[in-house]
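Asker: Test case, fold it:
(one chain, ligands or ions: 1)
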Amino acid sequence: MKETKIASLTKALDKAASIDEKRLAHEIRAIGFACRNCAQCCRAEYGDNTVFIFPFEIRRICEKTGLVREDFVIPAPSEDRDSEGNIHTFEWVLRKNGDCIFLKKGLCRIYECRPYICKTYPFYLMDGRLMASECMGLGGAINYEESMKLARLLKERCIAEIKESILLLEKFNGFKPGGKGNICVHDSDGEHWI
Ligand code: SF4
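Answerer: Residues are numbered from 1 along each chain as shown. Here you go, the predicted model:
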């Protein structure tokens, strides 16, 4: 079962590696996008501002800011429980204080090392297809260089997601109780009991 999933993810990785950035950039230009710096995607009042974050992105933010993981991420909500009732989840999300905790006076305090999901907003790829979330900047003018930059980031994000999933699966050994805590995050680094 695990091997089958890893094999299928490996195929998806090959497919992601062959994503044509120029085609993607062309599609981005056809939709149009110009960030208005409104920070609505970071704020609570405009909808779901949950930011999922990879372990390597967490490490990068720790290095750049001196913060520790617990300062700025929490386990993603999950309904999965083991036989002792401990919760198991597979993702981390940025802490929120309503708005994202890194949003200060309308600006991102970690702009240079913000997660992929923020760097590529409002776009994402689903099965290789370009999708766009709701955003006031959609339809705006975007030049060739900016569209290529976004296309490259989207491809990188897609590859990173698949690689993380493969590493996670390789390390995952089921929902075993007995850890020090009652929430367990399974990620590409292994198990983290909180
Ligand atoms: S990390 Fe920065 S860009 Fe991402 S939601 Fe938070 S404030 Fe916004």
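
Asker: residues near residue 68, how many?
Answerer: Neighbourhood size, residue 68 [other Cβ atoms under 10 Å]: 10. Just so you know, the C-beta spots here come from the backbone N, C-alpha and C atoms, and that holds for glycine as well.

Asker: tell me the pLDDT at it?
Answerer: pLDDT recorded at residue 68 is 98.

Asker: How about the contacts made by residue 189?
Answerer: Taking Cβ atoms under 8 Å, 6 or more residues apart in numbering, we find residue 189 in contact with 55, 171.

Asker: ok, and for stretch 84-101, which residues are buried?
Answerer: Of the residues in stretch 84-101, 86-94, 96, 99-101 count as buried by neighbour count, 16 or more other Cβ atoms under 10 Å.

Asker: which residues sit against it?
Answerer: Contacts for stretch 84-101 (Cβ under 8 Å, 6+ apart): 42-45, 49-53, 55, 58, 69, 71-78, 80-82, 102, 108, 115, 168, 175, 177-179, 181-187.

Asker: of those residues, buried ones?
Answerer: 42-43, 49, 51, 53, 55, 58, 69, 72-75, 82, 102, 115, 168, 179, 184-187.

Asker: Which of those fall within helices?
Answerer: 55, 58, 69, 72, 168 (DSSP state H).

Asker: of those residues, closest to the ligand?
Answerer: residue 72 (8.9 Å; Cβ to the nearest ligand atom).

Asker: mind checking how far residue 183 is from the ligand?
Answerer: 22 Å (Cβ to the nearest ligand atom, to the nearest Å).

Asker: so who does that residue touch?
Answerer: Going by Cβ under 8 Å, 6+ apart, the list of residues near residue 183 reads 75, 86-89, 193-194.

Asker: what pLDDT does it get?
Answerer: 96.

Asker: show me where the protein has helices.
Answerer: 2-17, 21-31, 55-65, 69-72, 116-119, 144-171.

Asker: distance of the residue lying closest to residue 41 once chain neighbours are set aside from residue 42?
Answerer: Using Cβ to Cβ, 6 or more residues apart in numbering and skipping residues adjacent in sequence, the residue nearest residue 41 is residue 121, 5.1 Å away. Distance of residue 121 to residue 42, given as Cβ to Cβ, to the nearest Å: 9 Å.

Asker: For the protein, what lies in contact range of the ligand?
Answerer: Residues of the chain found near the ligand (Cβ under 6 Å from any ligand atom) are 42, 51, 94, 100, 102-103, 108, 110, 114, 118.

Asker: swap the cut-off to 8 Å and go again
Answerer: By Cβ under 8 Å from any ligand atom, the residues of the chain that approach the ligand are 39, 41-42, 49, 51, 94, 99-103, 107-111, 114-115, 117-118, 121.
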